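1. Requesting a structural model of the entry that follows:
(one chain, ligands or ions: 1)
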Amino acid sequence: MSTYHTPVLLAEVLEYLAPRPGGRVVDATLGGGGHARAIAERLAPGGELVGLDQDPDALQAARTAMDDLAGRVGVRLVRANFGDLERALSAEGVGSVDGILLDLGVSSHQLDTAERGFAFRYKGPLDMRMDPAGGAETAAGLLNRLSEEAIARLLFEFGEEPRARRIASEIVRRRAEKPLATTEDLVDAVRGAMPLRTRPGEIHPATRTFQALRIAVNRELEVLEAVLPQAARLLAPGGRLVVIAYHSLEDRIAKQTLAALSGKRIGTDLPDLAPPPEPVLNVLTKKPVVPSAEEVRANPRARSARLRAAERR
Ligand SMILES: C[S@@+](CC[C@H](N)C(=O)[O-])C[C@H]1O[C@@H](n2cnc3c(N)ncnc32)[C@H](O)[C@@H]1O
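-> Alright, predicted model coming up:
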């Protein structure tokens, strides 16, 4: 397996997507192409894997990972944001499909590349854009521009950070002296707002702050809310949708949106989410599928994964 990213819940993704020879499946979060390759092998002969990612590094890695499949199965890789899934596929002349995979969040490659600025443990520019050429504002841009109140809200809503107000106030105090520019500047600001000693077993004090910023910079919750109804519309009858979420905010959106699209209404967090006039999906996973202890031991980054699947009626 490549070092770019180890695919999570691979056997379970294949079980729920159930790709068949001749079928057409969209992997809307290609990353290093680990899932995509395994899916494409099952679409041969004659099928087609359409892969999307907004990060050019991912497209290159996935292309290399699937190079040798040429001639056995069609592989089409497209740079796009999955928030525009219907538009991106229609531009490729792709109508309905048999399966769609959304393996959310960032790849190990993105996390471990210091210059991308995603990780508090590496020194790098405070960037965090999955699509560096897409024109979105960087994490540093946001933190140097937003009001203290808006930063506190962002950290609380997207990071569930209990010390959001203190961290926001420390960021605003520091940026008045010198704008934040690096991951280290942000880690120092978080530490400056925290008690000196953290208890053993506690997560790194900047974990929630970095998660919150990444979600904000890439509008992760917005694009997830946008893509799920599009995915449901794109599926042919019997087609499958698989979503893997890595934190409670995205899992809640996946759970409630799939329920709404299957004609049920659960939870009240997303009040605008009314079931469509005609239910279009059947949810296949009563509870989220989680990785085995063995998988988490082999790949600790899998530990928070939650897979949900649905079938088009
Ligand atoms: C967890 S990784 C996927 C790993 C992949 N399944 C594999 O096996 O290597 C998520 C990928 O989705 C991409 N991504 C996240 N949000 C996206 C979006 N809104 N549009 C397009 N790509 C996105 C990221 O750039 C990243 O490469």
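
2. can you list the residues of this protein near the ligand?
-> 5, 7, 29, 31-35, 52-55, 58, 81-83, 103, 105-107, 130, 223 (Cβ under 6 Å from any ligand atom). Backbone N, C-alpha and C define where each C-beta goes, glycine included.

3. Among the residues you listed, which lie within strands?
-> Leu52, Asp53, Asp103 (DSSP state E).

4. what pairs with the first one across the strands?
-> It stands for Leu52. Beta-bridge pairing for Leu52 (DSSP bridges): Val78.

5. where does it sit relative to Asp131, distance-wise?
-> Per Cβ to Cβ, to the nearest Å, Leu52 is found 12 Å from Asp131.

6. neighbour-wise, which of those two wins?
-> A count of neighbours by other Cβ atoms under 10 Å puts Leu52 above the other of Leu52 and Asp131, at 27 against 16.

7. Wait, the more buried one touches Ala28, no?
-> Yes. With contacts counted by Cβ atoms under 8 Å, Leu52 reaches Ala28, the gap being 4.7 Å.

8. what residues are shared contacts of the two?
-> Phe82, Leu85 (Cβ atoms under 8 Å, 6 or more residues apart in numbering).

9. so how many other residues sit close to Gln110?
-> For Gln110, using other Cβ under 10 Å, the count is 22.

10. Where does the protein get nearest to the ligand, which residue?
-> Gly31 (2.4 Å; Cβ to the nearest ligand atom).

11. Please name the nearest non-neighbouring residue to that residue.
-> Distance criterion Cβ to Cβ, 6 or more residues apart in numbering; nearest residue to Gly31, sequence neighbours excluded, is Ser107 at 4.1 Å.

12. Can you get me a residue count around that neighbour?
-> Neighbour count of Ser107, defined by other Cβ under 10 Å: 25.

13. separation between it and Gly23?
-> To Gly23, Ser107 is 25 Å away according to Cβ to Cβ.

14. repeat for Gly33
-> Taking Cβ to Cβ, one finds Gly33 at 18 Å from Gly23.

15. So which of the residues of the chain next to the ligand sit within helices?
-> Among the residues of the chain next to the ligand, the members found in helices (DSSP state H) are Gly34, His35, Ala58, Val223.

16. Please look at the first one and Leu9 and confirm they touch.
-> Put plainly, it is Gly34. No. Using Cβ under 8 Å, Gly34 is not in contact with Leu9, being 11.0 Å away.

17. Make sure Thr64 is indeed in a strand.
-> No. Going by DSSP: H, G, I helix; E, B strand; the rest coil, the assignment for Thr64 is helix, not a strand.

18. which other residues reach the longest strand anywhere in the chain?
-> In the chain, with assignment by DSSP E, the single longest strand is strand 235-245. For strand 235-245, contacts defined as Cβ under 8 Å, 6+ apart pick out 8-9, 13, 16-18, 96-105, 228, 231-232, 251, 253-254, 258, 281, 284, 288, 305-313.

19. and what of stretch 82-89?
-> Contacts of stretch 82-89 (Cβ under 8 Å, 6+ apart): 26, 28-29, 50, 52, 54, 78, 80-81, 95, 97, 100, 102, 219, 222-223, 226-227, 230-231, 233-234.

20. Show the buried residues in those residues.
-> 26, 28-29, 50, 52, 54, 78, 80-81, 97, 100, 102, 223, 226-227, 230-231, 234 (16 or more other Cβ atoms under 10 Å).

21. circling back: out of the ones in helices among the residues of the chain next to the ligand, who's the most crowded?
-> Result: His35 is most packed of these (other Cβ under 10 Å), 28 neighbours.

22. Hmm, that residue is touching Leu10, no?
-> Yes. Between His35 and Leu10 a contact is recorded at 6.5 Å, counting by Cβ under 8 Å.

23. what about Arg306, how many neighbours?
-> Residues near Arg306, counting by other Cβ under 10 Å: 22.

24. any weak-confidence spans in the stretch 151-300 of the chain?
-> For the stretch 151-300 of the chain, applying pLDDT under 70 flags the ranges 196-198, 266-277.

25. which residues in it form helices?
-> Assigned helices in the stretch 151-300 of the chain, in chain order: 164-177, 183-192, 207-217, 220-234, 248-261, 293-298 (criterion: DSSP state H, counting those that start in this stretch).
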